[in-house]
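Structure for the following, please:
(chains A and B)
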Amino acid sequence: MSTPDFALLKLPSDSVWRRLNQTPWRDLLRGRITARWEITRATTAANLPPLAAQLVYTVARRTKLWPSEKLDVARELSGHFRDGLDAGKTAEQLVEDFGDVRQSVKLIRRARRRCRPLWWHIVHGATMAMLLLALVPVVWFFWNAIWFWTGRPKIIRDFIAEINASAQTVTPNDRAWPLYREAALALPGDTKTEMGLDQALKYRCQPGDPDWQRMLDYLRDHQESLRLAREGARRPRFGFVFGDPDDTEFMRKVVQRDSILPKTDECLIQTLLPHLQQLRGLAMLLDCDARRATAENDATSLRQDLHAMFSLANHVWDANSFLVGDLISLAFYSLALERMGQALAEQPALLSDTDLRDFSHIIASFAGGGDIRPRLGRERNTMLDVIQRMYTDDEQGDGHLTAEGHRLLLGYMPLQLLLENKVQHVPWFEQHLVGPAAYGLIAGRAEMTSFAMRLFDRTEVEQRGLLYQWKPSSVDQEIKQVAGSGLQRIRYLPVMLLFPSVQPAAVAGERSCQMRDAILTALALELYHRRTGAWPNVLTDLTPGLLPTAPLDRYTGQPLGYSLVAGRPLLYSRGADGQDNGGTPPPGGDRQQANLSAGVMGDPRSPIPAAHGFDWVLWPPAPLPIRDDPE
Amino acid sequence: MRIERELMRGAGPAAVLKLLESGARYGYELVEALEQRSSGVLAMGQSTLYPLLYNLESQGLVRSDWRDAANGRQRRYYSLTAKGKKRLASDTEQWRALAGAMAALGILPQGAAS
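The predicted model follows:
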């Protein structure tokens, strides 16, 4: 006899517990322990020898059918064996002829289940479907988890090295930064608050005011910084190199770190820019001295200070270090324009014709001339750097989210924490459970890169031309729309978190352009007046001899507002409301109010309510407010 | 001679239906009849026969009922249903066509289909 393909089960002993277990509930409720489902009843009734009885018991038991079905199978198989025995065969022969036991169990189970009633098939099908549905996300999660945990980002591009490449070509004698650095180191840490200069600069600080003396004292104490700043401004290039060992002392003083470079596990966006912050102190120092020079008829100092202020703006622009760098450059440029305008209005004869022509060229050539727009190249690189640190790289431009990337995203968000160089604690749940899920939801590397670059491209296209030609930013609208959609927001989360708010920066560029055009016109007016002894009736009288073209109001596209008030020229823009109010400035001396737009993230031309009925007076500068509480 | 499983899968149900055409039979009887009438070619053990019968029953081709046998024991008898008869007729046609084709190809002797 051949051995069965798996061990036969030993026939069970007859115990009360077993009898209870094999009794239907219906019988138990009637108080009878019938053990009607006991399989061995069938083998006993057929009077099978132990081997055959064991086989029948094993097959019936292992089908795992309902008890009544098992009993039915056992009865039939027992009958079969009995018939065989009665026909003269031995138990061993019959067991051998039985066939494959394991296969038999499987087939009998499958076939008997097919014979079950319809309701069972419906319930079973529904249960299986639900289990499958429940299984799909589990399988999806673990599939994602495998890729998520095994992927590693590959840092290919060293963006800092790319930024430094241009600056490192500047020869030492052409570098302005080392002189600026020395000048800044000699200034107090926070010039504005320590000296109270912010107040002095905001209101009409005049000779004789207590703040005026404070300003003069400040200038006297920092003559060396002033000298160094002017000297640095004469150098042709900025020449700031990220990670320059010569900056170590400076960095220790201003940021309490040896280097401003991001650590190896940090993003480009975490590069510190303390040098730009410190340059603000120098710009303020030069501005103070320009005020003093104007008040004291000191043409030489005024000329030097204005030159230095414009150079400083040019140098920071030259550094091309992120959007914020361009905005700081624009702020320096606007400050220099304002001081130029003030000097021209208060002391028109202080500067010579040659000076005026020189400054016209300097002013017109800032940022290459034309429309001034903060550049997005560094912002693009910042985005690309975040992406390369989040994703794997298949060297075809695509890749998937990694655990490191997810940690980066979670650990350094919100953005404020990132900018403060603080790592947010990431809960275990978010790291281990949200991560693989995020893997399945967040866009792949190629899609994420394409989405971000497309937004940058469109932003640049949308902000071409003059301000009045702009439409509400479709990029901002799309970002808002994506941010408001749950799944889409997760899909493009890095872009949602890091895409810069460009439109306000572009509006700042437009305002600088408007100021530039006005001051260039003011310089031309002064030259015209010196030549003819009179003011022109219209601005086109200045062209082409003193101006290539008549300036435009960038808020309306019309010629810049020009009138003669009390025999003096007045230049103005119609401002955000687009209405010509005859050059009426807003009350209280808040000159900026007239050119402010409501919600610069929306329509940049839409004015704030306070801008209605007023114009943006560009030159001569409107009077500054009187200080309310002079000390 | 042992028949390949795939061939048996097609021939087995038809053979069982044919045996039941003449009247109800129980399992052991079917095993014996299959072995004798097919000269052992279509012989199948319990492990194959009973799942086959349960499948035919689930398809409504056969029905089963427990009956008292002459020796006093109970046996489960299987008999053809009307649906089973139709299937048998259909299967017979198909097997004849198949046998004819096999004969035409020289695999079966001429006249085997009849």
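
Dihedrals phi and psi, the closest residue to chain B within the stretch 151-300 of chain A?
Residue nearest to chain B within the stretch 151-300 of chain A: A:G151 (45.8 Å; CB to the nearest CB). Backbone N, C-alpha and C define where each C-beta goes, glycine included. The phi/psi pair for A:G151 (degrees, to the nearest 10) reads phi -70, psi 150.

which stretch of helix or strand covers A:K471?
Per DSSP states H and E, A:K471 falls between elements, in no helix or strand.

what does the one 10 residues further on give?
Following DSSP H and E, one finds A:Q481 within helix A:474-484.

who touches the helix or strand following that helix?
Downstream of helix A:474-484, the next assigned helix or strand under DSSP H and E is helix A:486-491. Residues from elsewhere that reach helix A:486-491 (CB atoms under 8 Å, 6 or more residues apart in numbering or on different chains): A:A438, A:L441, A:I442, A:A443, A:Q481, A:V482, A:A483, A:M496.

Number of residues surrounding A:L547?
Using other CB atoms under 10 Å in any protein chain shown, A:L547 has 22 neighbouring residues.

mind listing what it touches?
Contacts of A:L547 (CB under 8 Å, 6+ apart): A:L520, A:T521, A:A524, A:L539.

Looking at the chain, which helix is longest?
In the absence of a named chain, this looks at chain A. Counting residues, the longest helix in chain A under DSSP state H turns out to be helix A:118-150.

ah, no, chain B please
helix B:82-104.

Now that one: average pLDDT?
The pLDDT scores in helix B:82-104 average 93.

Tell me which other helices or strands that helix touches.
Counting contacts by 3 or more CB pairs under 8 Å, 6 or more residues apart in numbering or on different chains; DSSP states H and E, helix B:82-104 packs against helix B:5-21.

Sketch out the low-pLDDT regions of the chain for me.
By default, I'm working from chain A. Residues of chain A meeting the criterion pLDDT under 70: A:1-6, A:189-205, A:255-266, A:411-427, A:429-431, A:588-611, A:622-631.

ah, I was thinking of chain B
Short version for chain B, where the test is pLDDT under 70: B:1-3, B:112-114.

Up against chain A, what does it have?
B:26-29, B:31-32, B:44-48, B:50-55, B:57-58, B:66, B:71, B:73-76 (CB under 8 Å from any CB of the partner chain).

hmm, which of those residues are the buried ones?
For the residues of chain B next to chain A, a burial check counting by 16 or more other CB atoms under 10 Å in any protein chain shown picks out B:26-29, B:31, B:44-48, B:50-55, B:57-58, B:73, B:75-76.

any idea which residue sits dead centre in the chain?
Just going to use chain A. A:L498 (0.5 Å; CA atoms, centre = their mean).

my bad, the chain I had in mind was chain B
With distances taken as CA atoms, centre = their mean, B:V16 lies nearest the centre of chain B, 1.6 Å away.

My guess is that one contacts B:E57. True?
No. Using CB atoms under 8 Å, B:V16 makes no contact with B:E57, being 11.1 Å away.

Can you identify each of the helices in the stretch 101-250 of chain A by residue range?
For the stretch 101-250 of chain A, helices defined by DSSP state H, counting those that start in this stretch occupy the ranges A:101-114, A:118-150, A:159-167, A:177-185, A:191-195, A:197-202, A:210-221, A:223-233, A:248-255.

any idea how far the spatially closest residue to A:M390 that is not a sequence neighbour is from chain B?
Spatial nearest neighbour of A:M390, excluding adjacent residues (CB to CB, 6 or more residues apart in numbering or on different chains): A:G405 at 2.9 Å. Distance, A:G405 to chain B, using CB to the nearest CB, to the nearest Å: 53 Å.

rewinding a little: check which residues of the longest helix of chain B are buried.
For helix B:82-104, by 16+ other CB under 10 Å, it's B:G84, B:R87, B:L88, B:D91, B:W95, B:A99, B:G100, B:A103.
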